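S.K.: Mind looking at a prediction? Sequence and model below.
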Amino acid sequence: MAHDHDHADHDHDHSHPASELSPMDLRVRALESVLVEKGYVDPAALDALIETYETKVGPHNGARAVARAWVDPAFRARLLADATPALREIGIGGRGGEHMVVVANTPEEHNLVVCTLCSCYPWPVLGLPPVWYKSPPYRSRAVIEPRAVLAEFGVTLPADQRIRVWDSTAELRYMVLPMRPAGTDGLDEAALAALVTRDAMIGTGLARTPERNT
Ligand code: FE
């Protein structure tokens, strides 16, 4: 994503004039120029790719799948049994989602997703990963002390609710199916989807309750 990388994993010297590009920006631009010059990439194709990840692909897709699972027990069963074809049923799939696994939170067990090796993330359902997901502290601490990490995200789970940590890889990527919040019986699928945050599907958050959502 030549135009959409983040700045968090290197030191950004804010004393530079605003027009000056960071070393990472310069490297990305130089690389893009060389690839375009040599005819390896088409700038229009790059723009289309970036546009896709900025507007079409994002957590609203995963939220749609979660809301469907909450209202349709048969879909929920298919989603948990074999997520990839179930997601395809509702038009979700593609690069980074070839082998999806959906894990459901229960009162007994909370699920948390990490990629300890790098930053593997289910793009078709969640879009681009947040900066913290790629950070070394999250990647190591999610495994070592998940309860403390969750507390920092403002999530305090009952002491008797187990936390299960799933390590995403390039081959297999996980998404959490959060529990349906109380007080949502009258809500339709679209209203339910609006309660499902990105973090709830990573496991660093919970689905919002209707009160907190307004
Ligand atoms: Fe990774």
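M.R.: Looks like it came in fine. Keep in mind the model is a prediction, meaning the values are calculated, not measured. Residues are numbered from 1 along each chain as shown.

S.K.: If you count contacts, what does the strand or helix carrying Ala191 end up packed against?
M.R.: For Ala191, the enclosing helix or strand under DSSP states H and E is helix 189-193. Here helix 189-193 touches helix 59-71, going by 3 or more C-beta pairs under 8 Å, 6 or more residues apart in numbering; DSSP states H and E. For every residue, glycine as well, the C-beta is placed using N, CA and C.

S.K.: What parts of the chain come near the ion?
M.R.: 115, 117-120 (C-beta under 5 Å from the ion).

S.K.: quick one: contacts for Ile202?
M.R.: Ile202 is in contact with 112-113, 126, 133, 176, counting by C-beta atoms under 8 Å, 6 or more residues apart in numbering.

S.K.: Need the max-distance pair from the residues you listed.
M.R.: Across the contacts of Ile202, the longest distance by C-beta to C-beta is 14.1 Å; it joins Leu112 and Leu126.

S.K.: What distance do you get for Leu87 to Thr106?
M.R.: The gap separating Leu87 from Thr106 is 21 Å, by C-beta to C-beta, to the nearest Å.

S.K.: same check, this time on Leu21
M.R.: Using C-beta to C-beta, we find Leu21 at a distance of 48 Å from Thr106.

S.K.: what about the strands in the protein?
M.R.: Using DSSP state E, the strands of the chain run over 100-104, 109-114, 162-167, 173-177.

S.K.: what's the most buried one of those?
M.R.: strand 173-177 (a mean of 26; mean count of other C-beta atoms under 10 Å).
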